[in-house]
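Q: Sequence first, then the predicted structure:
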Amino acid sequence: MVRAATKRGINMHYINSFAPIENPNARLLILGSIPSKTSLIVGQYYAHSRNSFWPIMDDLVAATRTLPYTMRINILKSNGIALWDVLASCARASSLDSDINQASAHANNFELFLYTHQNITDIFFNGAMAEKCFNKLVLHKLKPNLIRYTRLPSTSPAHASITYKQKLKAWSVILQK
């Protein structure tokens, strides 16, 4: 459900995240902040045509964007990769992470998720906002654990300060886990 609100004359929309892409044996969890408008419309993670997430997953685990979405998801699962967003809901004026109204942000239930996915050894943040929201809203609620946390460059088309090749090199760390 999308509800509208205004903050300082800016039209904000309340949005909800997707359910996690997961399996009980996942070793890695990749976290975004919250789906973009395009992803919400299509109902798929990283649906924007210029987002480099799926091309990177193609290069790393052969989850080619041209495959049906369910097949790409199954490839991630078979490679021990879970996918989710830090935020369960928030108000946001656009698809930009910088437009997230922090006061409206509510995190997903990571205590339960990590309890039911005890093979997770690494959490990778798809960009700085995912990491920031996790550190602010989630980390203090978790029991001490041996999970490693790593921020990766955002795959968003808005993060154009580094090349695809540089992003791919940084993201290749997930194959080493």
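A: Looks like it came in fine. For clarity, every value in this text was computed on a predicted model and none was experimentally measured. Numbering: from 1, shown residues only.

Q: can you tell me which residues contact W84?
A: Applying C-beta atoms under 8 Å, 6 or more residues apart in numbering to W84 gives the contacts S17, F18, P20, I21, E22, L29, I30, L31, G32, N108, F113. In short, each C-beta sits where N, CA and C put it, glycine included.

Q: Give me the phi and psi for the fourth one.
A: Reported as degrees, to the nearest 10, the phi and psi values for I21 are phi -90, psi 120.

Q: before we move on, what SS does the residue nearest to it when sequence neighbours are not counted have?
A: In this structure, I21 finds its nearest non-sequential neighbour in L83, 4.0 Å apart by C-beta to C-beta, 6 or more residues apart in numbering. Three-state assignment for L83 (DSSP: H, G, I helix; E, B strand; the rest coil): strand.

Q: Confirm for me that L83 is in contact with R72.
A: No - applying C-beta atoms under 8 Å, one finds L83 not in contact with R72, separated by 10.1 Å.

Q: Would you mind naming the residues that bridge with the spatially most central residue of the chain?
A: Central residue of the chain (C-alpha atoms, centre = their mean): G32, 1.9 Å from the mean position. For G32, the beta-bridge partners under DSSP bridges are D85.

Q: measure it to H106 for me?
A: Between G32 and H106 the computed distance is 15 Å (C-beta to C-beta, to the nearest Å).

Q: re the thing from before, got the contact list for the residue nearest to I21?
A: With contacts defined as C-beta under 8 Å, 6+ apart, L83 is in contact with P20, I21, E22, L29, I30, G32, Y45, I73, L76.

Q: Check which helix or strand the fourth one maps to.
A: Under the criterion of DSSP states H and E, L29 resides in strand 28-32.

Q: tell me the mean pLDDT over stretch 147-157?
A: For stretch 147-157, the mean pLDDT works out to 94.

Q: Between its first and last residues, how far does it reach?
A: End-to-end distance of stretch 147-157 (C-alpha to C-alpha, to the nearest Å): 29 Å.

Q: in the protein, what spans have low per-residue confidence?
A: Applying pLDDT under 70 to the chain flags residues 1-12, 94-103, 159, 177.
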